[in-house]
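In: show me the folded form of this:
(2 chains)
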Amino acid sequence: MPRARRRRTGGRIALTVFTGVVFAFLMLPLLVVFPISVSSAPYLQFPPPGFSWQWYQRYLDDPTWIESTIRSFKVAFLCTALSMALGVPLSFALVRSRLRGMRIADRLVAAPIIVPTIIISIAVYSLFAQLRLIGEWYGIAIAHTILALPFVVILVSAGLRTFDEAQEHAAMGLGASWPVAVWRITLPQLRPSLVSAAFLAFVTSFDELVIAMFLSGASMTLPKKMFDNILLEIDPTIAAVSVLQILLACLCLGLATIFGRGALPSSVTR
Amino acid sequence: MDLTVRGVVRRFGPVTALAGVDLTVAEGELLTILGPSGSGKTTLLKVVAGFEIPDEGTVRLGSEDVTLAPPRQRDVGMVFQNYALFPHLTVAQNVAFPLEMRRMPKPERDRRVAEALALVELAGYEARLPRQLSGGQQQRVALARAIVFNPRLLLLDEPFGALDRKLRESMQLEVRRLQRRLKLTTLFITHDQEEALILSDRVAVMNAGRIEQVGTPGDVYARPATRFVADFVGESNLLEGRASGDAAAEVPGLGRIALARAAGAAGDRTTLLLRPEALRVGAEAAALPNRAHGRIVETVFLGLSVKLRLRLDGGLELLARLPLRPSEPLPAAEGETVPLGFAPEDVHVVGG
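Out: Numbering: from 1, shown residues only, chains lettered A, B, ... in the order given. Below is the predicted model of the structure:
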């Protein structure tokens, strides 16, 4: 008995250490990026020689940064809306339908994750060129929806699978039509899944670079602007923008945790 | 309102879940569908509730044909097996849901919800969430939700299965009282024959997609129409034999048995039912026309009674159930051979 207890304690210590190492590994880039973003030096230097907010100031003062940030928000919001509008009904179809072939369709939904983004980008580029959607922000949003949709469908259908359909039946028996039963009974209970899905769709779009490179033309999204910035002039503005992006992600995550009542899988953090 | 089911057939691919069901539930009556799992009772319930459309046949509520009507147009209150309460809504919101769907104005709605909760003795629990209630309380909320809108029919789908024995018994009585008081036409589904006998005005025994017998609990117990009913409802000794033309039958292992009336033409195969409580053991067996001797191979105490398994010379086994009185010792111990006997009028000819 004492031996078993000691062994368990040993395992617990090992687990704690391991978790700590993984956590440090994940957090280390932040520990570098944040000091550089408040550096007084005009180039990337670590550790920074002094403190200054100048790179945040430069970001805020440069209209091209702000423009691309606003564009990225618009793209991400539209992408979130589109992938939810398509993904939630699709999840119902995949989970509830008794049609043959639904299992195959279920697997196919993950295809955009498997296919390299560059392939999707090239394909979408040639199509959008014909449709004159290159350089339009909503074109990028539509293309991003391809990438975000699988996450939405996977999360929402996982939630839906654990939902007790008898409740929907009960609601219908009590006088609700099916859409009303879904709206009043099913969706509120799927809220954790819906919130996670929306959050993931948003983040997928907000820091997507490859598709944006092909489709944005002159009107850049934030990741494309960051990429160009690195190519042209390397200064700590990029670090400042990164920190702001991380803060945004933390904010989203916080909101998702509050409104999703803690059901957010921890793996969605990027 | 009365419910009439006529010739209902429902097939799922090669499986026939309902093979032509006819059933009438009179206004204010509580009729139980009793059957083992897979007998089609749940499918029948779904057809009545509107979650399944039958391939053939009709369902009528009063004079209205609702065979094809969606559930929401049927005005049928249902209590589900696991209650299916809405966990994100409070007790009051759960009970108010059907009224809200009927666009009842809020003041009236609040009044009806309060009434229904009072009826199930849950006044004061309005603001709780279902998960903050005990199993019995959740059941009452489900019941209140099912009756609050004055349904034309109440459906109960094995509602007591999840409760422990004591709670189940008190809930059964409570449901019965409420049903009588509100004169609700009720269709109750269960696989528990004891529950069916306690609660029902009439019992319909279902097997393999068909109703084998409909009758009062007493009828179904004492005069089962088929071998299945005799076996499924209560404990039984089923004796296979041949009719001898007069009021008697030949049963291998028991010999000639006197009956109250003829079991058929001479030589016809017949199944006889002898309930364990009708089999006498010991001295009182001597005066009865049908007698045998059996060795006690098993004794099971059941509190108010004792159950004996007896083996006859030919190998035939019979069950006997004797009342237990503290003052009277058991007639014999395990392993002993005792006289057995039963009266002709206690033998029921199954299907006769």
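In: ok, how many other residues are close to residue B:158?
Out: 20 (other Cβ atoms under 10 Å in any protein chain shown). C-beta here means a position set from N, CA and C on the backbone, and glycine is covered the same way.
In: run a quick neighbour tally on residue B:40.
Out: Neighbours around residue B:40, by other Cβ under 10 Å: 25.
In: what pLDDT does it get?
Out: We have a pLDDT of 90 for residue B:40.
In: what pLDDT is listed against the nearest residue to it once chain neighbours are set aside?
Out: Leaving aside its sequence neighbours, residue B:40 sits nearest to residue B:209 (Cβ to Cβ, 6 or more residues apart in numbering or on different chains; 4.2 Å). In this model, residue B:209 is scored at 91, pLDDT.
In: and if you look at the one 3 residues further on?
Out: At residue B:212, the predicted lDDT confidence score is 92.
In: which residues touch the residue nearest the centre of chain B?
Out: In chain B, the centroid-proximal residue (Cα atoms, centre = their mean) is residue B:196; its distance is 2.6 Å. For residue B:196, the contact set (Cβ atoms under 8 Å, 6 or more residues apart in numbering or on different chains) comprises B:32, B:34, B:188, B:190, B:203, B:217, B:233.
In: give me the subset of those lying in helices.
Out: Under the assignment DSSP state H, those contribute residue B:217 to helices.
In: most neighbours of all the contacts of residue B:196, which one?
Out: residue B:34 (30 neighbours).
In: report pLDDT for whichever residue of the stretch 51-200 of chain A sits closest to chain B.
Out: As assessed by Cβ to the nearest Cβ, chain B sits closest to residue A:175 within the stretch 51-200 of chain A, at 3.3 Å. The model reports residue A:175 with a pLDDT of 90.
In: sec struct for it, please.
Out: coil (DSSP: H, G, I helix; E, B strand; the rest coil).
In: touching, it and residue B:103? I think so.
Out: No: between residue A:175 and residue B:103 there is no contact under Cβ atoms under 8 Å: 9.5 Å.
In: quick one: which of those two has more around it?
Out: Just comparing residue A:175 and residue B:103: by other Cβ under 10 Å the higher neighbour count belongs to residue A:175, 23 against 8.
In: and the residue nearest to residue B:110 when sequence neighbours are not counted, which of the three is it?
Out: Leaving aside its sequence neighbours, residue B:110 sits nearest to residue B:96 (Cβ to Cβ, 6+ apart; 7.7 Å). For residue B:96, the assignment made with three-state DSSP gives helix.
In: residue B:96 and residue B:114 touch, don't they?
Out: No: using Cβ under 8 Å, residue B:96 makes no contact with residue B:114, being 10.2 Å away.
In: and those two? Which one has more around it.
Out: residue B:96 (23 against 14).
In: mind listing what residue B:253 touches?
Out: Residues near residue B:253 by Cβ under 8 Å, 6+ apart: B:312-316.
In: give me the buried subset of these.
Out: Those of the contacts of residue B:253 that meet the buried threshold are B:312, B:316, by 16 or more other Cβ atoms under 10 Å in any protein chain shown.
In: specify which member of the contacts of residue B:253 is nearest to chain A.
Out: Proximity of these to chain A (Cβ to the nearest Cβ) peaks at residue B:316, which lies at 46.8 Å.
In: what's the distance between that closest one and residue B:340?
Out: Distance, residue B:316 to residue B:340, using Cβ to Cβ, to the nearest Å: 11 Å.
In: same check on residue B:40?
Out: 39 Å.
In: which helix in chain B runs the most residues?
Out: helix B:165-182.
In: what ranges does the stretch 251-352 of chain B have for its strands?
Out: B:255-258, B:269-274, B:280-281, B:290-301, B:305-312, B:317-323, B:337-342, B:347-349 (DSSP state E, counting those that start in this stretch).
In: so what's the residue of the stretch 1-150 of chain B found nearest chain A closest to, chain neighbours aside?
Out: Closest residue of the stretch 1-150 of chain B to chain A, Cβ to the nearest Cβ: residue B:101 (3.3 Å). Closest residue in space to residue B:101, ignoring its immediate chain neighbours: residue A:175 at 3.3 Å, by Cβ to Cβ, 6+ apart.
In: touching chain B at all, the host helix or strand of residue A:141?
Out: Secondary structure from DSSP states H and E places residue A:141 in helix A:137-161. No: no part of helix A:137-161 sits near chain B under the criterion Cβ under 8 Å from any Cβ of the partner chain; the closest distance found is 13.5 Å.
In: buried ones in that helix, by neighbour count?
Out: Buried-residue list, helix A:137-161, by 16+ other Cβ under 10 Å: A:137, A:139-160.
In: same check on stretch B:147-154?
Out: B:147-149, B:151-154.
In: before we move on, what about stretch B:322-340?
Out: B:322, B:330-332, B:338-340.
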